[in-house]
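Asker: Here is a sequence together with a model predicted from it:
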Amino acid sequence: MAAQVLHPDHPLVQMQGRMRLCADGWIVTLFMVNQQEDRKGGRLPKDEVWVFQPKLQVHGTQPVPIFVQRKAAHADLSRMDMSTREETQTLDMLYRHQREFAVGHGISVHATLAMSPDGLPAEKAVSVETEWVPQCELPQQTPRSADDDENLAGLTLDMKGLSELPHAGLMASLRHIETAYRVWIRAEEVKLQLPMQRLEGHEEAAHRAIKNCRRALERIKAGVSLIESNPMAEEAFRFANHAMWQQRIHAIFARKVRKKEITIEDGVTLLDVPKNRSWRLFQMAFVLLNLPSLTDLHHPDRSHETDAVADLLWFATGGGKTEAYLGLTAYTLALRRLQGDMEGRSGEHGVAVLMRYTLRLLTLQQFQRAAALMCACESIRRADVVKWGKTPFRLGLWVGNKTTPNTLAAAANALRQRNVGGMPSSSGTPHQITSCPWCGTVIKEQHLQVYEAPGDIGRCVTYCGDNLGRCEFSEINAPREGLPVMVVDEEIYRRPPSLLIATVDKFAQMPWNGKTQMLFGKVTEVCDRHGFLSPEVEDGQSHPARHGLPRVTNRPHGLLRPPDLIIQDELHLISGPLGSMVGLYEAAVDELCSWVVDGLKVRPKVVASTATIRRAPDQVQKLFVRQLDVFPPQGTSIQDSFFAIQRPVGPAYPGRRYLGISGFGRRYPAALIRGYVAHMAAAQVLYNTYDRLADPWMTLTGYFNSIRELAGTRRLVDDDIRARLRDADQRGLARRRIHALEELTSRKSGTDIPKILERLEASFDKTQEARRMADRREGRAASSALPYDVVLATNMISVGVDIERLGLMVVAGQPKNTSEYIQATSRVGRSNDGPGLVCTVFNWARPRDLSHYERFEHYHETFYKHVEALSVTPFSARALDRGLTGVMVALMRLSDDHLNANLKAGEVADADPVWMQVADILSKRGLNATDNAAVAVLIQEMLKQRRDEWLSRVHNQKDHQLGYRPEGGATVGLLAEAGNQDRHRFKCLNSLRDVEGTVNLVLDQRFNGLRTDREDDHE
Ligand SMILES: [Zn+2]
Ligand SMILES: [Zn+2]
């Protein structure tokens, strides 16, 4: 193509290009070339030879669609394994309407599509043009409702309704889900015959999708039939609805009280309306489809050795996944109480549900949410002790000792230090709940009370701060019990809570700590004052009467029922080295949660959730040795899966808008500073005019890929950005002062984070501002918290931060993976009152950033398709090296009491059958997880080496004793800390996260002239 001059005044600014004909049409490449030179000492000033924001636009000579889809380099399906191939086919089908027509070079592009008469996106574009600030608005995905589907009109999703409807009405209502879903599936099948659906070439994927939908339908149907035919299941289902209803309205009530919008005296009555206590359709369906396998212990979906199912709830962030599995939790709690004794194990005691998270922040947040549910369950139980039992429903928080104390003595100590105004101790605090989940009253350290054993009950009780006895969980109404929560390890072991929330990391304690077996129901005795015992628990044989407590003597006690349900949140985070270790330790958890009923082995049910996942079947097989079932299954298009519908962007359903900025030729910080200043000053303009309606965009969330980059920007905010905001009015925006700046990173302590999150709720509001001013003038405490102008965050924010008011985020550089990008940016625009705006400032000097900028629109339209596949390899040789010892010792030590106590490590017999059992369990697990017989052989081999070494140490105890861990004196440890440099076989992890020691690389630049660009200080 001959070069063309674009403007007669500038003959050196030209358009060049080339055209090639290929099978599907022409491939056209166009460049704008600026050859005007800025010579030093030349006659033209620099900016006169530059061209600012030029635009190329290409269209046909007639206004007709002429641009066809750009052919992506097609992945070779024949070279993929089956699950990857199926997944690729499915994604190609789901995103068949999202086409890419052009890609930029050093610029982004936009294509204008022709309107297709059938309402589906057109196949050809009318024009393509370059775009400096590309944007893309992502539609919301929301649950289907009766407004979308007349077949759902008779369905009630009101939790109160579902708990109170008479049997026939309840059944009739629930059957509507089934009917409507069946009709929808039939319509999906019909689509295969409709040419405009463009399913040609996607038949295989479409048939598979429809099959999955049918399976989900059958399972929902089975759930409904169970409620119909099994009175116990019906009762538990009603309990779950009752508890969720109370949880919902009390959570709203507590929030309003906390924000001082209402007072406790107002009560919940006004809030108790259907809108506040209704399920979303997918939540209800998910609960229903899980009921049969939760109820029938021998259900193949639950207990089959290899074909048991792990149910993965897959829904966009903010969709309400937590609620769905809180519902399952409530059902499980109730069912265990109703099922009563099984195999001599009472359903009243023991951990019923294990809920696991990967991140500390998320764990704490979910702990608070679950606390409201547990209050609701307790409230119901207290009203009918005959039916629901005398043992309180409790919630336990089992996390690292940097967050919560391990012992009551440490808890008491932490509280004492706080009360005398001392520095927060580094060993965590029992003060994890800062306001009552039931009534919203503030809870301070002084409302926590440690009742130390042996004289007292051995508990650290959190009371509601209400002193007037208006709340059920205040000291007046619930002495020595308070809120149904426990955060100290010591009491959690002795009184295993119905629901245990833990970090995955904590399970590294299993081989080290014999008491952890109690969480799986392995107890030996009970003390009526302090709870259960197992060999490692120190408690006297009897205690004299004291503090009004009667004299008690320990009694033998049989095993407790092990956990029925394991919930793994944010499954996509269980990947890489952490995932591999979790997968390995899961072998022990799965086994310890299993028991024999009527001669058959019962396994725990596994439910997981995520918003972003690829290659999940493989991950689930390796982690859980279960088959994956994703809910809701996709239909033939991404727009509608029956349970979730993508809403066209409009006032009723505003989308989340993404903008891309790349400041070519400028230093990166300069571009970022301007990005911050422009957004903050523009928000101020809105705020000046619209007051609190502009609140969503007044707090800017700055996202960073590493702490190092964040720290650099923090300095800029304090300095350059602050200065520029002072005269932003000169640029047509508004002046702004930064009053409050905070960061959400791993540098913050476990006690600060909840406070930051709470303060993030504070909104910009001129009335409140005025009141705060008046407060200050009159020397009163501020009536409301000062809202943050800027919050800088790392990937810590990407999961679980659920602050509805946040609407503005600036992302510094494209995050390393798409899943992280989706998760992080989904934190803004969670409410319809404040649609989200996300601005990604790309670093043009980084090729990866540049490539994302160049394909901005198409990437965003299809970004779930770009989520990276995860890998977990729990049974790889290196993972076994690091983790097999821990799993082996955990199984030997925790399975029953004969090898439990620390010194039993030195007493294990050569012929103990446990050697065989453990080798059997682990090699079979390896085989089932990998389908590779060599893995089983390797495990057997490695276990044999460990056995030999262990036994030789047992025989060698002459001047010392062998314990699992060293105890000082003459007791040496079988297990060695991972940091230990000798790579001996009994090295055992203390954390599933620190799989590798840190290696510092020092690059000596004197000889090679390389630039260092460290990017790996990820959290
Ligand atoms: Zn309360
Ligand atoms: Zn005792």
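Answerer: Yes, it's here. Ligands and ions are numbered 1, 2, ... in the order given.
Asker: which residues of the stretch 701-850 of the chain fall in helices?
Answerer: Ranges of helices within the stretch 701-850 of the chain are 707-716, 722-726, 752-760, 766-777, 818-825, 847-854, based on DSSP state H, counting those that start in this stretch.
Asker: Also the stretch 101-250 of the chain?
Answerer: Going by DSSP H, counting those that start in this stretch, the stretch 101-250 of the chain shows helices at 159-164, 167-191, 203-229, 231-258.
Asker: I figured residue 990 hits residue 510, correct?
Answerer: No: contact criterion CB atoms under 8 Å: residue 990 and residue 510 do not qualify, at 11.4 Å. Placement of C-beta: from N, CA and C, glycine included.
Asker: interface residues of this structure facing ligand 2?
Answerer: 527, 529, 530, 539 (CB under 5 Å from the ion).
Asker: Dump those into JSON lines; add neighbour count as well.
Answerer: Formatted as JSON lines, the residues of the chain next to ligand 2 follow (neighbours: other CB atoms under 10 Å):
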{"residue": "527", "neighbour count": "23"}
{"residue": "529", "neighbour count": "21"}
{"residue": "530", "neighbour count": "23"}
{"residue": "539", "neighbour count": "18"}
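Asker: Make JSON lines out of those residues and add distance to ligand 1 and secondary structure.
Answerer: Below are those laid out as JSON lines (distance: CB to the ion, whole Å; DSSP: H, G, I helix; E, B strand; the rest coil):
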{"residue": "527", "distance to ligand 1": "30", "secondary structure": "strand"}
{"residue": "529", "distance to ligand 1": "26", "secondary structure": "coil"}
{"residue": "530", "distance to ligand 1": "26", "secondary structure": "coil"}
{"residue": "539", "distance to ligand 1": "32", "secondary structure": "coil"}
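Asker: Quick check: the residue of the stretch 751-900 of the chain nearest ligand 2.
Answerer: residue 897 (17.6 Å; CB to the ion).
Asker: hmm, which helix or strand of this protein has the shakiest average pLDDT?
Answerer: helix 46-49 (a mean of 80; mean pLDDT, DSSP states H and E).
Asker: Please enumerate residues in contact with that helix?
Answerer: Contacts to helix 46-49, defined as CB atoms under 8 Å, 6 or more residues apart in numbering, come from residues 34, 36, 37, 38.
Asker: So which of the residues you listed belong to helices?
Answerer: Judged by DSSP state H, helices contain none of the contacts of helix 46-49.
Asker: Between these, which sits nearest residue 559?
Answerer: residue 34 (79.1 Å; CB to CB).
Asker: Give the burial count for that closest one, as a bare number.
Answerer: Residue 34 has 14 neighbours, counted by other CB atoms under 10 Å.
Asker: hey, where'd the strands end up in the stretch 551-700 of the chain?
Answerer: 552-553, 555-556, 565-568, 595-597, 600-602, 605-610, 627-631, 644-646, 656-662, 700-704 (DSSP state E, counting those that start in this stretch).
Asker: And for the last one, what's in contact with it?
Answerer: Read it as strand 700-704. Contacts for strand 700-704 (CB under 8 Å, 6+ apart): 676, 679-680, 683, 710, 713, 717, 789-794, 797, 806, 808-813, 815, 824-825, 827-828.
Asker: and what of the third one?
Answerer: The list of residues contacting strand 565-568 from outside it, by CB under 8 Å, 6+ apart, reads 294, 325, 328-329, 332, 352-356, 504, 574, 589, 593, 604-609.
Asker: More neighbours: which of residue 990 and residue 510?
Answerer: residue 510 (24 against 16).
Asker: Verify the stated contact: that one with residue 895.
Answerer: No: Residue 510 is beyond contact range of residue 895, at 11.1 Å (criterion: CB under 8 Å).
Asker: returning to that earlier point: got the strands of the stretch 551-700 of the chain as TSV, with mean neighbour count and mean pLDDT columns?
Answerer: Listed next are the strands of the stretch 551-700 of the chain as TSV, based on neighbours: other CB atoms under 10 Å; pLDDT from 0 to 100:
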stretch	mean neighbour count	mean pLDDT
strand 552-553	14	94
strand 555-556	10	96
strand 565-568	24	96
strand 595-597	14	96
strand 600-602	15	96
strand 605-610	26	94
strand 627-631	19	94
strand 644-646	20	90
strand 656-662	22	96
strand 700-704	27	96
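Asker: which stretch among these comes nearest residue 19?
Answerer: strand 656-662 (27.3 Å).
Asker: quick check: angle from that closest one to helix 847-854?
Answerer: Put simply, strand 656-662 runs at 120 degrees to helix 847-854, going by axes from the mean of the first three to the mean of the last three CA atoms, to 10 degrees.
Asker: quick check: angle from strand 656-662 to helix 818-825?
Answerer: Relative orientation of strand 656-662 and helix 818-825, computed by the same axes, to 10 degrees: 110 degrees.
Asker: For the residue positioned nearest the centre of the chain, which residues are in contact?
Answerer: Closest to where the C-alpha atoms of the chain average out (CA atoms, centre = their mean) is residue 570, at 3.6 Å. By CB under 8 Å, 6+ apart, the contact list for residue 570 reads 357, 358, 359, 362, 609, 610, 799, 800.
Asker: Now it: phi and psi?
Answerer: Backbone geometry at residue 570, expressed as degrees, to the nearest 10, gives phi 50, psi 60.
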